[in-house]
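next one to model:
(chains A, B, C and D)
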Number of protein chains: 2
Amino acid sequence: MKNRKTALQHIENPPLRERVLDVLREAIINGDLKPGDALRETELSESLGVSRAPLREALQILSTEGLVETVPYHGTTVRVLTKTDIEELYSLRSVLETFAVRQIIARNPPDHVQVLYGCFHEMLAAAENNDLKSVNQIDRNFHTTLIELSGHSLLQTSWNVVSMRVRQVMALLNRRNSNLTQIAYNHLPIIQAIEATHEQEAVRLIEKHVAASGELIVERWQVMDGANGT
Amino acid sequence: MKNRKTALQHIENPPLRERVLDVLREAIINGDLKPGDALRETELSESLGVSRAPLREALQILSTEGLVETVPYHGTTVRVLTKTDIEELYSLRSVLETFAVRQIIARNPPDHVQVLYGCFHEMLAAAENNDLKSVNQIDRNFHTTLIELSGHSLLQTSWNVVSMRVRQVMALLNRRNSNLTQIAYNHLPIIQAIEATHEQEAVRLIEKHVAASGELIVERWQVMDGANGT
DNA sequence: CCTACGTCGATTGTCGACATTCGACAGACG
DNA sequence: CGTCTGTCGAATGTCGACAATCGACGTAGG
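So this is what the prediction gives:
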């Protein structure tokens, strides 16, 4: 029985709370649950077919992740995003990704750039097929990979929170009619700068990349938010 | 009844889970609960005099905060800190504080430096009284104030996690026999650089300040960890 | 008609009991 | 004697029911 070659897939048995958590997170991130929506415990637990206990635990986690807002004795709602929230989101994202890039260059590990090039080529292929959904997914994957390659687990934890909120924002305003191939090629110089271990250049490019993305979002947000504010 | 002048204190009525959370957090941060200690639900709920439901919710939150580690069906333990954890902790802390300082200088709001000077003078007074406990508390307060003054609520959220772990580490190796007055004066140039809006200088000083603090901790950690590792 | 109070309903908070999981020990088998 | 298997116990996971809380509505009083 020892050292069996055929690596059988490990069977997971996650507690209910994990399943519930994933379902709710996806729903929020995909925009099925929109900001401001009330998450009533009784209602949700019935429609999910679980009791309130694991549901509440899932909501707790979502709350600390910042995807929902819980007011004691008053319930839980999907977090409403303001313009300030988005600005903060992208500015912190820039800080974290910048740090990741610096770490990658400092550790300069072997064949890590290859993984990034792999992402790039995938993205390019998807872009040429005009496959918006895939491009978005690979784009996320690229940035998450950047964080992972830093080898900094605490950074990764912080990133998860930021990353999920970015996904939520993106889902609420899916970038249509953009030049996908252009988006893909935007990532190339970043990879090259990392490969060449040009820290300053890489940092500059990442900051520009994230800032551009953020400004695009904030711009569209203004339109969506409509006529509130001065 | 309207516009009553005497500002009566608002009476809080936090759910049990909040109380439990605070108690456990304090216990971990203060070192009453040491890394590796098992947090058995039945045991804890009885000694705290609450049922397992609010206790579990508190543990969930501590888990996402990274203070404890929960393995499904196996229980919760106080997170064990490795040397790598501490290095990561202080490197991320440096990134976040640096960002905060840049934000403060960029927004350059009125009389914010005064608050920092206030912290400094308090710390100096405590240091001259050789009051280690107060110095530590004011030191924490100084850095938290720095984050708050950035006006970046998302940064504040991320900071909380880092901050609590730093407290935990500090409690496990309380810095004895240090020159308290020296510690206090270390903060002065940072405030001055912020006041003069010298961004580069301020960033440099903060990085140095945090790095020095981190190295001191890691050094002592080596000793405590004893004879494990090569 | 307006204000202030009391009541109601809906929702969250808390509890104790039961079900499930998993490691560890002990015993049977080769 | 070593290995495998079955059982047991202690812990977590889940559930349904009850209690506490708070806003909103309706009503009595001025």
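
quick one: low-confidence parts of chain A?
For chain A, the stretches flagged by pLDDT under 70 are A:1-7, A:174-177, A:223-230.

the closest residue to DNA strand D within it - nearest residue in space that isn't next to it in sequence?
Residue of chain A nearest DNA strand D, by Cβ to the nearest atom of the strand: residue A:16 (2.6 Å). Placement of C-beta: from N, CA and C, glycine included. Leaving out its chain neighbours, the residue that sits closest to residue A:16 by Cβ to Cβ, 6 or more residues apart in numbering or on different chains is residue A:54, at 4.2 Å.

what residues does chain A put near DNA strand C?
Within chain A, the positions lying close to DNA strand C (Cβ under 7 Å from any atom of the strand) are A:13, A:38-42, A:52-53, A:56, A:70, A:72-76.

and those, which of them are in strands?
The members of those that map onto strands under DSSP state E are A:38-39, A:70, A:75-76.

just the buried ones from the residues of chain A next to DNA strand C?
A:39, A:53, A:56, A:70, A:76 (16 or more other Cβ atoms under 10 Å in any protein chain shown).

could the residues you listed go into a markdown table alongside distance to DNA strand D?
Shown next, in a markdown table, are these (distance: Cβ to the nearest atom of the strand, whole Å):
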| residue | distance to DNA strand D |
| --- | --- |
| A:39 | 16 |
| A:53 | 4 |
| A:56 | 9 |
| A:70 | 13 |
| A:76 | 14 |
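
in the helix or strand hosting residue A:123, what counts as buried?
Assigned by DSSP states H and E, residue A:123 belongs to helix A:112-128. Of all the residues in helix A:112-128, those buried under the rule 16+ other Cβ under 10 Å are A:112-113, A:116-117, A:119-120, A:122-124, A:126-127.

just stretch A:40-49 next, same as before
Judged by neighbour count using 16+ other Cβ under 10 Å, the buried positions of stretch A:40-49 are A:44-45, A:48.

stretch A:204-223 now?
Buried-residue list, stretch A:204-223, by 16+ other Cβ under 10 Å: A:205-207, A:209-210, A:213-214, A:217-218, A:221.

stretch A:25-39 now?
A:25, A:28-29, A:31, A:33, A:35, A:39.

in strands only, show me these.
Filtering these for strands - DSSP E - leaves residue A:39.

which of the buried ones among the residues of chain A next to DNA strand C lies closest to residue A:138?
Closest approach to residue A:138 among these (Cβ to Cβ): residue A:39, at 30.9 Å.

residues in contact with the residue nearest to the spatial centre of chain A?
In chain A, the centroid-proximal residue (Cα atoms, centre = their mean) is residue A:163; its distance is 2.7 Å. Contacts for residue A:163 were tallied using Cβ atoms under 8 Å, 6 or more residues apart in numbering or on different chains; they are A:140, A:143-144.

part of a strand, is it?
No - using DSSP: H, G, I helix; E, B strand; the rest coil, the assignment for residue A:163 is helix, not a strand.

what's the distance between it and residue A:142?
Look at residue A:163 and residue A:142: by Cβ to Cβ, to the nearest Å, they are 12 Å apart.

please state the offset of the longest helix along chain A from the chain centre?
If you go by DSSP state H, chain A has its longest helix at helix A:199-225. Computed by Cα atoms, centre = their mean, to the nearest Å, the chain-centroid distance of helix A:199-225 equals 15 Å.

report whether that helix contacts chain B.
No - judged by Cβ under 8 Å from any Cβ of the partner chain, helix A:199-225 stays clear of chain B, getting no closer than 12.0 Å.

what about residue A:22, helix or strand, and which?
Assigned by DSSP H and E, residue A:22 belongs to helix A:16-30.

how far does that helix sit from its chain's centre?
In terms of Cα atoms, centre = their mean, the centre of helix A:16-30 is found 14 Å from the chain centre.
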